[in-house]
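*Asks:* Output the structure for:
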Amino acid sequence: MARIKPQEDAAVLLNKTDLCKSLGISTTAFDKWGVPVTKKHGRQSLYSVADVVANRVGHAERKFAASVPEDDPEKPNLDFERWRLTKAQADGQELKNEKDRKLVVEVGFATFLLNKIAVQIGPILDQAPLTVKRQHPDTDEHQLETMRAEIIKAGNIASGIGERIEDYLDEYLRSTD
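*Replies:* Residues are numbered from 1 along each chain as shown. Below you'll find the model as predicted:
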């Protein structure tokens, strides 16, 4: 019994004219694609459909790769940077509007204000035991010393408020988060 040899799948080869007609393009456009010739038969060049498809798929991949930005951490994302700038400008304008409506103040102003108040409170606290002694001469000296010690503690707290305002602000912000 004779053995039957399986036929190799021979690729269908088309000449340039037939291939261009089936693709609906001109021969000049086909030449620009740069599809390699599969086989030459005399003066006629024959092309494989598989080569044409591979050429077009490769072209599409290169075109897509060129359009997708690389994930280069050094290269800024312009859309994100534009959004960030716009958001910062909007936040700044909102803060300025709240400041104009006197709903918020700068920390520097609050520090200045509290220092001025502390300077005004200090002398009053220093004079409080003497004022009590003048108005109530029968007050015991021991009671006046206790009052003086407590007033000194309060005065020290009031006089240092300017230096500690930023710490208090940080503590407040942590407690509200």
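*Asks:* Quickly find the element holding the closest residue in space to R148 that isn't next to it in sequence.
*Replies:* Using Cβ to Cβ, 6 or more residues apart in numbering and skipping the chain neighbours, the partner closest in space to R148 is P129 (4.5 Å). (Each C-beta comes from the backbone N, C-alpha and C, glycine too.) For P129, the host element (DSSP states H and E) is helix 107-135.
*Asks:* What residues of that helix count as buried?
*Replies:* A110, T111, L114, N115, A118, L125, A128, P129 (16 or more other Cβ atoms under 10 Å).
*Asks:* Could you check how far the first one is from Q93?
*Replies:* Spatial separation of A110 from Q93 under the definition Cβ to Cβ, to the nearest Å is 22 Å.
*Asks:* again, but for the second one
*Replies:* Distance of T111 to Q93, given as Cβ to Cβ: 25 Å.
*Asks:* tell me the domain boundaries of the protein?
*Replies:* Here the domain parsing of the chain from automatic domain parsing is 13-67, 90-176.
*Asks:* model confidence over the longest one, on average?
*Replies:* Here the mean pLDDT over domain 90-176 is 86, rounded to a whole number.
*Asks:* And for the shortest one?
*Replies:* Predicted confidence along domain 13-67 averages 89 (mean pLDDT).
*Asks:* what helix or strand does the residue nearest the centre of the chain sit in?
*Replies:* What sits nearest the mean C-alpha location of the chain, by Cα atoms, centre = their mean, is R84, with 6.4 Å. Taking DSSP H and E as the criterion, R84 maps to helix 78-100.
*Asks:* and that helix, what does it pack onto?
*Replies:* With contacts defined as 3 or more Cβ pairs under 8 Å, 6 or more residues apart in numbering; DSSP states H and E, helix 78-100 has no helix or strand neighbours.
*Asks:* Report the distance from it to the chain centre.
*Replies:* 13 Å (Cα atoms, centre = their mean, to the nearest Å).
*Asks:* Could you do stretch 161-173 as well?
*Replies:* Counting by Cα atoms, centre = their mean, stretch 161-173 comes out at 28 Å from the chain centroid.
*Asks:* same check, this time on stretch 168-176
*Replies:* Worked out by Cα atoms, centre = their mean, stretch 168-176 lies 24 Å from the chain centre.
*Asks:* Give me the contacts around that stretch.
*Replies:* Here stretch 168-176 makes contact (Cβ atoms under 8 Å, 6 or more residues apart in numbering) with V107.
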